[in-house]
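Undergrad: Mind folding the following:
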Amino acid sequence: MEYFTEQDFLSAKAQRKTWLIIYFIVLGVYVLTSAGLLVWYLLLPYQSPVITTVKLIHYPLTALFVIFSFVYLGIPYKRVNRYYKMCLNIKTGHREEWTGSFFEYDETLQDKEGVDFKSLVFIEWNQYKKDYFERKVLVFNEKPFPEIPENATVKYVTQSNVLVSYEII
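TA: Numbering: from 1, shown residues only. As a prediction, the model looks like this:
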């Protein structure tokens, strides 16, 4: 059963595009306003008392735009962009297949490359150490856990330890 689908990648891509469009619209409004204020400033006569008004409008507007850019690009867009990059990596990266016995769900949030994950815990056999060990396979925090019965043997595919698909054997 597919856990990470092409639709997940397309959704992340669309979300990233939406956030970029919003930023570029705000940037366009700022540039047009700044250009208008610059033209107004250049058309004013020398030592006009209105020059101070133009500066009092433009300087705070620039400060607000710079603050907005740091906050917008530093928090929400950065998270969306990291999620998109993770989805792209999952879509195009090398996938590995494993088999293990499902043990439990782990709701603890984990951060990997700026994306929040929760995990599935599997018990696997290590051929080299000749012992069983717990393996935590990451699933996206935004998506629900896959329905796997306890102690079920599961064949699963991961990319960078993120669940891509699984099959209950």
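Undergrad: Identify the bridge partners of the closest residue in space to G93 that isn't next to it in sequence.
TA: Closest residue in space to G93, ignoring its immediate chain neighbours: Q159 at 4.6 Å, by Cβ to Cβ, 6 or more residues apart in numbering. From N, CA and C alone the C-beta is placed, and that goes for glycine too. Here Q159 sits in beta bridges with V162, going by DSSP bridges.
Undergrad: how near is Q159 to N151?
TA: 26 Å (Cβ to Cβ, to the nearest Å).
Undergrad: same check, this time on T18
TA: Distance check for T18 against N151: by Cβ to Cβ, it reads 43 Å.
Undergrad: And the residue nearest to G93, how far from K112?
TA: 12 Å.
Undergrad: Give me the more crowded residue out of these two.
TA: When Q159 and K112 are compared for neighbours, Q159 comes out ahead with 18 against 13, by other Cβ atoms under 10 Å.
Undergrad: dump the residue contacts of that one.
TA: Shown in contact with Q159 (Cβ atoms under 8 Å, 6 or more residues apart in numbering): 89-90, 93-96.
Undergrad: Just the closest of those residues to Y30, please.
TA: Among those, N89 lies closest to Y30 (Cβ to Cβ), at 33.3 Å.
Undergrad: and that closest one, that one's in a strand?
TA: No: looking at N89 with DSSP: H, G, I helix; E, B strand; the rest coil, it is helix, so not inside a strand.
Undergrad: number of nearby residues for it?
TA: 14.
Undergrad: That one and V115 touch, don't they?
TA: No: N89 is not in contact with V115 according to Cβ atoms under 8 Å; the separation is 10.2 Å.
Undergrad: for whichever strand or helix holds T33, what is the average pLDDT?
TA: Using DSSP states H and E, the element containing T33 is helix 6-43. Averaging pLDDT along helix 6-43 gives 97.
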